[in-house]
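Asks: just the structure for this:
(chains A and B)
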There are 2 protein chains.
Amino acid sequence: MAKDMTLLWGSGSPPCWRIMIMLEEKQLKGYNQKLLSFEKMEHKSKEVMDMNPRGQLPAFKAGKHVLNESYAACFFLENQYKSQGTKLIPDSVDAQALMYQRMFEAFPLGEKIGKVLYYNYMVPEEERHDAALQRYKEALTAELQLWEGYLKNPDCCLVGKEFTLADVLVFPVVAYLFRAGLCSERYPALAKYYNSLKDRASIKASWPPTWHTTPGSDTLKTI
Amino acid sequence: MAKDMTLLWGSGSPPCWRIMIMLEEKQLKGYNQKLLSFEKMEHKSKEVMDMNPRGQLPAFKAGKHVLNESYAACFFLENQYKSQGTKLIPDSVDAQALMYQRMFEAFPLGEKIGKVLYYNYMVPEEERHDAALQRYKEALTAELQLWEGYLKNPDCCLVGKEFTLADVLVFPVVAYLFRAGLCSERYPALAKYYNSLKDRASIKASWPPTWHTTPGSDTLKTI
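Replies: Model prediction:
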């Protein structure tokens, strides 16, 4: 049971989703949670700011410990509940090295996705330049090609057959890409990865509720 | 000995410096290393691209394992050499939680520093807007105020008295701030943190060589 844990979250946010997958994998049930709306700017509410002064979701506490950064929450939970639920850090040195490298490559990936997807949201109209957006799209394309290469293997997961902490952290980002219209034909290895894991119990149980009821976008269709 | 490890690095780059501090803390001596020049664009050389296809430094290998992401390299080395040199992950649950949270907060910090410091480098002249740079400066100021609050304690380190993996990962970023002209009087807690650790053996031994011989900038003087 996880009655001493509290998660404030937003539907579809990869960082929020990571913690929810982690809690499922570790069989930490019954945590307090509250779904907030980005559209209504609830991530800037006092309730969130009190837990996460950056005004971002997730805001997560395990007992008295504030773990708002999704990587921090996942590492902490893995360490505290090593032998509960799925063991997410493999024993083999080879697998560990690859797991760490891939999970941290989600930062350049996420950054490049953000620059394209949130361009209009982040950049005021009078500061927008087609050339800038074009550069960001090219950078994202090059980044996605790297991941296509990484995932050209017969296995389900980032590190062979075993589901690891790297998948907890990276899968929500890949799902987000397809939700935003990424073309499966152009990125078949990423699509295979997405399809291999989308029905995993922890992922299905924590699927963003708004994704069940609203259509995705086609922003990344031409990438 | 670490004769099977190879580090290609650039002077002053926080990600490169993290790995060098880590190698010192873990007493991994004798690794192969090569100092490259960002100014000469050597990070885009074939030698680097072969190891790190993003064309970034560090490029790091431990045996056959590619660990270019500095966090990946540090986590891997800590796990492989737990009982060698400094133990960098504390046993106490409280300390672990704080360590993970702070180390991953270095990502929003680093991102906000980058947007200010590299504005002219990243944004072509015809796309620059004073208003954008001003926004980035305000975001960095708010971020730095958070860290001022975190470091208002009587201890040397991010997590109390003990030097942890969080310090390996965050210290180079803080040093970079002062190298870029951050005002000690305006950020006394950050300055105290910087001064507490700058003479630590691992940090002194890996101090960016160009910082000994060239002056810093004053880009962040007014932040």
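Asks: near chain B at all, the lowest-mean-pLDDT helix or strand in chain A?
Replies: Least confident element among the helices and strands of chain A, by mean pLDDT, DSSP states H and E: helix A:119-122 (a mean of 94). No. In terms of CB under 8 Å from any CB of the partner chain, no part of helix A:119-122 sits within range of chain B; the closest distance is 9.7 Å. Any C-beta I mention is one placed from the backbone N, CA and C, and that applies to glycine too.
Asks: which helices and strands does that helix pack with?
Replies: Judged by 3 or more CB pairs under 8 Å, 6 or more residues apart in numbering or on different chains; DSSP states H and E, the packing partners of helix A:119-122 are helix A:130-150.
Asks: report the mean confidence score over stretch A:80-97.
Replies: Mean pLDDT, stretch A:80-97: 97.
Asks: wondering if that stretch reaches chain B at all.
Replies: Yes. Using CB under 8 Å from any CB, stretch A:80-97 comes into contact with chain B via A:80, A:93, A:94, A:96, A:97.
Asks: who are the neighbours of the longest helix belonging to chain A, in terms of helices and strands?
Replies: Longest helix in chain A by number of residues (criterion: DSSP state H): helix A:93-117. Judged by 3+ CB pairs under 8 Å, 6+ apart, the packing partners of helix A:93-117 are helix A:130-150, helix A:165-179, strand B:65-66, helix B:70-80.
Asks: out of the ones you listed, flag the one nearest residue B:204.
Replies: Closest of the helices and strands packed on helix A:93-117 to residue B:204 is helix B:70-80, at 18.6 Å (criterion: CB to CB).
Asks: got a list of contacts for that closest one?
Replies: A:93, A:96-97, A:100-101, A:103-105, B:14-16, B:18-19, B:22-23, B:26, B:28, B:58, B:60, B:62, B:65, B:67, B:88-89, B:103, B:165, B:168-169 (CB atoms under 8 Å, 6 or more residues apart in numbering or on different chains).
Asks: circling back: ok, the residues of stretch A:80-97 next to chain B vs residue A:197, which is closest?
Replies: Comparing those against residue A:197 with CB to CB picks out residue A:96 as the nearest, at 20.1 Å.
Asks: pretty sure the closest one sits against residue A:88.
Replies: No. Counting by CB atoms under 8 Å, residue A:96 stays clear of residue A:88, with 11.2 Å between them.
Asks: got the domain ranges for chain A?
Replies: For chain A, automatic domain parsing gives the domain ranges A:5-80, A:93-213.
Asks: of these, flag the one that's most buried.
Replies: The highest mean neighbour count among the domains of chain A, using mean count of other CB atoms under 10 Å in any protein chain shown, belongs to domain A:5-80: a mean of 20.
Asks: end-to-end on that domain?
Replies: Domain A:5-80 stretches 13 Å from its first residue to its last (CA to CA, to the nearest Å).
Asks: and that domain, how far out from the chain's middle?
Replies: 12 Å (CA atoms, centre = their mean, to the nearest Å).
Asks: the helices and strands packed on helix A:93-117 into JSON lines, with extra columns for distance to residue B:44?
Replies: Formatted as JSON lines, the helices and strands packed on helix A:93-117 follow (distance: least, CB to CB, whole Å):
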{"stretch": "helix A:130-150", "distance to residue B:44": "13"}
{"stretch": "helix A:165-179", "distance to residue B:44": "26"}
{"stretch": "strand B:65-66", "distance to residue B:44": "18"}
{"stretch": "helix B:70-80", "distance to residue B:44": "19"}
